[in-house]
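Chemist: Okay, here's the prediction I keep looking at, along with the sequence it came from:
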Amino acid sequence: MKKKTALVTGGAGFLGSHLCDKLLSEGFIVICMDNLITGSTKNISHLAGNDDFTFVKHDVTNYIFLPGKIDYIFHFASPASPIDYLKLPIQTLKVGSLGTHKVLGLAMEKKARFLLASTSEVYGDPTIHPQSEDYWGNVNPIGPRGVYDEAKRFAEAITMAYHRYHGVDTRIIRIFNTYGPRMRLDDGRALPAFIGQAFRNEDITVFGDGSQTRSFCYVSDLIDGIFRLMMSDEVYPVNIGNPDEISIKEFAEEVIKLTGTKSKIVYKELPIDDPKVRQPNIERAKKILGWEPMISRTEGLKITIEYFSKNSS
């Protein structure tokens with residue numbers, strides 16, 4: 001049987017590179033597209049020489065030309081951590097709008113199934129808890145985080161418009177906090193920031209009083225959910241994340257314990273519009289995809305800390 005071809009935009013990023021690995025393991029031919037403003041070829045260097053893998057350096061906000069058949073498109077191109085999208089606000093808005101438009105156009109031309117990597121940030125600073133897919137969110141469109149939140153909300157809207165108006169076969173995944181090997185220590189998210197500070201025996205910085213909550217999903221669980229959604233018939237958004245909720249203060253304490261550091265916790269002012277709670281309702285994923293996370297936070301953290309200890313020197 002002829003192999004199917006999948007395009008992964010943002011394929012040299014943290015999630016995109018793991019997705020490339022998964023698709024290759026499932027027997028796909030994979031085209032990885034990335035402009036490398038936040039991605040890195042280090043994440044895909046182990047795939048060099050694989051006949052089923054091609055890397056294309058390209059900015060998806062520009063016209064995309066790819067010859068041949070493409071069966072599946074996973075649109076993951078976007079800065080995704082606060083430190084990146086606050087530093088790259090225009091690029092973040094452009095990739096969510098112009099980039100999604102260009103990639104949907106490619107999907108229409110190739111008659112490919114399209115999956116949008118959306119985010120729990122579409123819920124903003126939520127007023128309901130946990131967050132389910134029918135919640136419309138509480139987003140400040142003119143706040144500093146609005147560049148990412150609104151880019152993804154627009155991306156969802158244009159994806160549904162292409163589905164309804166042009167008949168493009170689309171999927172939307174809302175990704176909650178994810179962690180694992182290939183995250184950047186300097187990407188500004190809580191987990192790599194805490195681990196980096198712990199390795200350097202620096203005080204661990206917690207914003208606010210640390211009572212705000214997050215739910216951390218290990219990367220292999222997330223990638224499994226993404227693949228299942230693409231292969232399903234579900235066109236409406238599906239949350240993928242780990243509902244095991246923890247306060248940021250407790251999370252910092254876990255990292256201190258697991259790394260054996262002498263670091264202390266210090267508190268700084270909470271950034272503007274930082275969500276107070278974040279926990280996915282994953283009932284739809286369970287029902288539609290038969291999916292739920294398998295890797296415990298302790299197990300996932302041990303693997304991630306070991307990765308950083310080998311790769312942070």
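Modeler: Done, it's in.

Chemist: burial measure for the residue nearest to Asp52 when sequence neighbours are not counted, as a count.
Modeler: Leaving aside its chain neighbours, Asp52 sits nearest to Ile29 (4.8 Å; criterion: C-beta to C-beta, 6 or more residues apart in numbering). Any C-beta I mention is one placed from the backbone N, CA and C, and that applies to glycine too. Ile29 has 21 neighbours, counted by other C-beta atoms under 10 Å.

Chemist: Please give me every residue in contact with Ile29.
Modeler: Contact analysis of Ile29 by C-beta atoms under 8 Å, 6 or more residues apart in numbering lists 3-6, 52-53.

Chemist: Tell me the most packed of the residues you listed, by neighbour count.
Modeler: Among the contacts of Ile29, the one with the most neighbours (other C-beta under 10 Å) is Ala6, at 26 neighbours.

Chemist: part of a strand, is that one?
Modeler: Yes. With DSSP: H, G, I helix; E, B strand; the rest coil as the criterion, Ala6 is part of a strand.

Chemist: Disregarding residues adjacent in the polypeptide, which is nearest to it?
Modeler: Tyr72 (4.2 Å).

Chemist: Run through the bridge partners of that neighbour.
Modeler: Under the criterion DSSP bridges, Tyr72 forms beta bridges with Ala6, Arg113.

Chemist: does it really touch Ala112, like I thought?
Modeler: Yes. Tyr72 is within contact range of Ala112, at 6.0 Å (criterion: C-beta atoms under 8 Å).

Chemist: Looking at the contacts of Ile29, which is nearest Ile295?
Modeler: For these, the residue nearest Ile295 by C-beta to C-beta is Ala6; the value is 24.0 Å.

Chemist: List the contacts of the closest one.
Modeler: Ala6 neighbours (C-beta under 8 Å, 6+ apart): 23, 28-31, 70-74.

Chemist: would you turn these into TSV with pLDDT?
Modeler: Shown next, in TSV, are the contacts of Ala6 (pLDDT from 0 to 100):
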residue	pLDDT
Leu23	98
Phe28	98
Ile29	98
Val30	98
Ile31	98
Ile70	98
Asp71	98
Tyr72	98
Ile73	98
Phe74	98
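
Chemist: Strands - which of these land there?
Modeler: 29-31, 72-74 (DSSP state E).

Chemist: do you know how far Cys20 is from Ala151?
Modeler: 23 Å (C-beta to C-beta, to the nearest Å).

Chemist: residue ranges with poor pLDDT in the protein?
Modeler: 273, 312-313 (pLDDT under 70).

Chemist: show me where it has strands.
Modeler: Secondary structure of the chain by DSSP E: the strands cover 5-9, 29-34, 53-57, 72-75, 113-119, 170-175, 178-179, 204-207, 213-215, 217-218, 238-240, 245-247, 265-268.

Chemist: contacts for the longest one?
Modeler: For strand 113-119, the surrounding residues in contact (C-beta under 8 Å, 6+ apart) are 10, 15, 71-76, 78, 80, 100, 103-104, 107, 148, 152, 155-156, 159, 162, 168-175, 226, 229-230, 237.

Chemist: Could you rerun that using 7 Å?
Modeler: Residues from elsewhere that reach strand 113-119 (C-beta atoms under 7 Å, 6 or more residues apart in numbering): 71-76, 100, 104, 107, 152, 155-156, 159, 168-175, 229-230, 237.
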